[in-house]
Each structure stands twice: as C-alpha cells, then as structure tokens.
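>>> got a predicted structure plus its sequence, pasted below:
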Amino acid sequence: MVNKEEYRKRIIKISGSIFSRYGFKKTSMDEIARALKMGKSSIYYYFNGKEEIFKAVVMNEANILRNELTKTIKAVDSPTEKLRNYVFVRMKSFEKLSNYYNAIFDKNLDHFDFIESVRTKYDREELAILRLILYDGARKKVFNVPNSEYTALAVQTALKGLEVPLFWKRKEIDIENRLNGILDILFHGILAK
C-alpha cells in the first residue's frame, strides 16, 4: 500500500530543490513531474497545484528553521551563547532554506495570501525568541537590558538589515566576520569605556 504522507514528503523535498533553483515563476508542474518520475496527474492527487506545493515547501522549511533554532538555543545555558547561536543559525540558514527566504522577500509572491501570514508569523516568533533570550540574560545579570521588548526589536531590525546583502550577494560576503561584528557591537557597544 502506498503511504500518502511519504509521497507528499517526497514531492515537497524534490519540488523544494527545483523551486530554489528556478524560482516559483519559472518552475512548472511538468518539471516537478519529471524530477519525481511521476505523471502530473499523480501529483495532483497529492496537491491541487504548484502554489499548494510551494506553500508546503515554504512551511516545511519554516519548520526546519524553527527546529534548528530551538535546538541550538537549548544546546547552551549561557544567554550570550544562546544569542550568538541564534544569530549564526538564523543567518546561515539562508542557503539551505532559500524557498522560505524567497517567500519572505520576493515581492512578486505577495499575491499569495499565505506569504503575508508566513511573514507575520516569522516576525512574531522571532521577537518572542529574542525577548526570551534577552529577558533570561537580564535576569541572570549577563545583559543590561531595561526593556527586552525594544531590545528584541532592535536586534531583529539589525538582523533584517543584514539579510538583504546576504540574500542578494550570498557568495561574496564573509558572513562570519559580519555576524561577529554585529554581535560585538551588540555585546560591547561602540562607546569607549
């Protein structure tokens, strides 16, 4: 007997690599069917169309990112290391999760209703994680954070500012140095002591 969920996962995985290579617009159901070695009609048994497959791919990548971030934060006790791990995992996920990031950034995909809900959920979850790390650090007297809400928003804004150059010029940028630079300013500030 054919396991429907296993086939759905296979379609999502293979379609994800095609979408990340060609983008949503240029990917056709024919290409997806060829890569899967299935007929198009077989794919329609599992998904209503290309948009539904793309949505499943984006949601799958969002779950992967969430799981990786949760795991990396739980792996250490120090609030400083939690924040450092969070920043590095989040920013280095660009290449692995390109469909998710395309969905968040590509204005050509705005007409899909699910994209805005993905963006909103992503921002809300990220702020909650950052607030928690910052609050924990302030409670342990590791961070001097009078307001974890505003500080979380500032950190998120700084990270989002770095996303654009990373996203559009992935290969030429030394991500390690840029992330360490942001973390150095975040942890130590720019004022002479």
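Here it is on my side, so go on.
>>> what's the mean pLDDT across the longest helix belonging to the chain?
Secondary structure of the chain read by DSSP state H shows that its longest helix is helix 113-139. Average pLDDT, helix 113-139: 88.
>>> cool, and stretch 143-155?
92.
>>> go on, stretch 34-41?
Mean predicted lDDT for stretch 34-41 stands at 92.
>>> same deal with stretch 52-65?
Over the span of stretch 52-65, the pLDDT mean works out to 89.
>>> hmm, who's touching that stretch?
Contact with stretch 52-65 is made by 8, 11-12, 15-16, 19, 24, 32, 43, 47, 90, 93, 96-97, 99-100, 103, 112, 114-115, 118, 121-122, as judged by Cβ atoms under 8 Å, 6 or more residues apart in numbering. Bear in mind the C-beta positions are built from the backbone N, C-alpha and C, glycine included.
>>> buried residues, it. List them.
For stretch 52-65, a neighbour-count test (16 or more other Cβ atoms under 10 Å) marks 53-62, 65 as buried.
>>> that one: how far from the chain's middle?
10 Å (Cα atoms, centre = their mean, to the nearest Å).
>>> just to revisit the earlier point, tell me the helices and strands packed up against the longest helix of the chain.
Under the contact definition 3 or more Cβ pairs under 8 Å, 6 or more residues apart in numbering; DSSP states H and E, helix 113-139 sits against helix 50-74, helix 79-96, helix 98-105, helix 148-168.
>>> now distance to residue 81 too, for the buried residues of stretch 52-65, in JSON lines please.
JSON lines is the format used below for the buried residues of stretch 52-65 (distance: Cβ to Cβ, whole Å):
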{"residue": "53", "distance to residue 81": "38"}
{"residue": "54", "distance to residue 81": "36"}
{"residue": "55", "distance to residue 81": "35"}
{"residue": "56", "distance to residue 81": "34"}
{"residue": "57", "distance to residue 81": "32"}
{"residue": "58", "distance to residue 81": "30"}
{"residue": "59", "distance to residue 81": "29"}
{"residue": "60", "distance to residue 81": "28"}
{"residue": "61", "distance to residue 81": "25"}
{"residue": "62", "distance to residue 81": "24"}
{"residue": "65", "distance to residue 81": "19"}
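>>> farthest pair within those residues?
By the measure Cβ to Cβ, 53 and 65 form the most distant pair in the buried residues of stretch 52-65, at 18.9 Å.
>>> buried ones among the contacts of stretch 52-65?
Using 16+ other Cβ under 10 Å as the burial test, the contacts of stretch 52-65 include 8, 11-12, 15-16, 19, 24, 32, 43, 47, 90, 93, 97, 99-100, 103, 112, 115, 118, 122 as buried.
>>> what angle sits between the longest helix of the chain and helix 98-105?
Here helix 113-139 runs at an angle of 90 degrees relative to helix 98-105 (axes from the mean of the first three to the mean of the last three Cα atoms, to 10 degrees).
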